[in-house]
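**Student:** structural data only, the sequence is not supplied:
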């Protein structure tokens, strides 16, 4: 318990300092996809998350020989929101769409961009103009924006100006990130320092200090991993209510981003905590709930972004006509593009080196289990990582990659890989030792 408090205090101090520094020096709307994250937060804070969507203006088919790449994505299928122009129009509020990798918040300098965005957000003349406009607020399910919406709603209730409301939303997003990681450190029975280290990484902390959802997803996955490790060492079986709670928590993580659904397999490593029937019930219930909810959301409320109108249908048909070539293309990106992303990001490299050092010098602190157990753990974790990467590349193949002779898929960013990092903690928890009692059985 003392180790938990030490790691929790260390994580809280460092991450909170990082987050507050980012909020006070990085402009409110300088982030990746501000035209999605700000309207999504505004929609939930104002009760418009289930507004109707705009019908496509046409059903033009994509032709790679004649179709031009527009400067912005088609507006068909976007959600119609009504509100102040300074919240809903990037041309009014001065929002800057930038890759997280291209933003340098570490110099801690509040530049002119910060003042410009605040001035334009707080422009009273624009505040009097109410508009109804199509937005990307329905690209993700509204669950992902609950932390940000709490802060923005507080700003509305206190009659704060727009820039302050957005900073309140950023602060509440950061608080949610900190709480989830504190719970993860407290719950995981070992490797608390590694989990705390992951939580202190600058990129996810920066994401959580904006309106983006990536920080919450990263922290939620870390908490889920901590719960699964706890279950793997639990001697008593879970009751039905506890299994239901595990199912609900897993569904919420999948709602944040659907491609991370392979993590639902991780509780299968819990031998004594879950019976065979409970594992089947948990897995089937999660798949059915997530599948049904996502299908309903996409059919009635969701927005499927595509780089050019008709590109999704064109790429989907091309994949159906050449399934082996498409699979090879995705696999090539899973191995080669992933390697390229890692080697080009110093923070990821440092993190992986620290994990390797922890594995090399932390043998005594690891749990001794039989070879069969270690093989099950390594195999399942490896499969989950691979399956997640594979699913991650499919949307970019369908919606963002233009037809070409190249194998490379467009649109990938390094922040998409961070939620996979907590999975790498699990192999560092166990070590092989002959003669120990088996800990887990996947097929029970």
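**Tutor:** Done, it's in. Owing to the predicted nature of the structure, the values given are computational and were not obtained by experimental measurement.

**Student:** which parts of stretch 238-245 are buried?
**Tutor:** Judged by neighbour count using 16 or more other Cβ atoms under 10 Å, the buried positions of stretch 238-245 are 238, 243. Every C-beta, even on glycine, is put in place using the N, C-alpha and C of the backbone.

**Student:** quick one: contacts of that stretch?
**Tutor:** With Cβ atoms under 8 Å, 6 or more residues apart in numbering as the contact definition, stretch 238-245 has outside contacts at 231, 246, 273, 274, 278, 281, 282.

**Student:** what is the nearest of the residues you listed to residue 223?
**Tutor:** Of all those, the one with the least separation from residue 223 (Cβ to Cβ) is residue 246, at 11.9 Å.

**Student:** did I read that right, the closest one in a helix?
**Tutor:** Yes - counting by DSSP: H, G, I helix; E, B strand; the rest coil, residue 246 is found in a helix.

**Student:** contact partners for it?
**Tutor:** If a contact means Cβ under 8 Å, 6+ apart, then residue 246 has 227, 238, 267, 282 as its contacts.

**Student:** format the residues you listed as CSV; extra columns: pLDDT, distance to residue 3 and secondary structure.
**Tutor:** Shown next, in CSV, are those (pLDDT from 0 to 100; distance: Cβ to Cβ, whole Å; DSSP: H, G, I helix; E, B strand; the rest coil):
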residue, pLDDT, distance to residue 3, secondary structure
227, 94, 18, helix
238, 92, 25, coil
267, 92, 25, helix
282, 95, 30, helix
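
**Student:** so which of those residues comes closest to residue 342?
**Tutor:** Using Cβ to Cβ, residue 227 is the member of the contacts of residue 246 that sits closest to residue 342, with 27.0 Å.

**Student:** residue ranges of the strands in this structure, please?
**Tutor:** 30-31, 79-84, 96-97, 130-135, 367-369, 430-432 (DSSP state E).

**Student:** looking at these, which is buried most?
**Tutor:** strand 30-31 (a mean of 22; mean count of other Cβ atoms under 10 Å).

**Student:** packing partners of the biggest helix by length in the chain?
**Tutor:** The single longest helix within the chain, with elements called by DSSP state H, is helix 371-399. With contacts taken as 3 or more Cβ pairs under 8 Å, 6 or more residues apart in numbering; DSSP states H and E, helix 371-399 sits against helix 311-321, helix 323-332, strand 430-432.

**Student:** so what pLDDT did residue 223 get?
**Tutor:** For residue 223, the model assigns a pLDDT of 95.

**Student:** the strands of the chain: which one's closest to residue 325?
**Tutor:** Closest to residue 325 of those is strand 96-97 (Cβ to Cβ; 32.7 Å).

**Student:** show me what that closest one is packed up against.
**Tutor:** With contacts defined as 3+ Cβ pairs under 8 Å, 6+ apart, the packing partners of strand 96-97 are strand 30-31, helix 34-45.

**Student:** first vs last residue of stretch 326-342, how far apart are they?
**Tutor:** Using Cα to Cα, to the nearest Å, the end-to-end distance of stretch 326-342 comes out at 23 Å.

**Student:** centre of the chain to that stretch, how far?
**Tutor:** Taking Cα atoms, centre = their mean, to the nearest Å, one finds stretch 326-342 lying 20 Å from the centre of the chain it belongs to.
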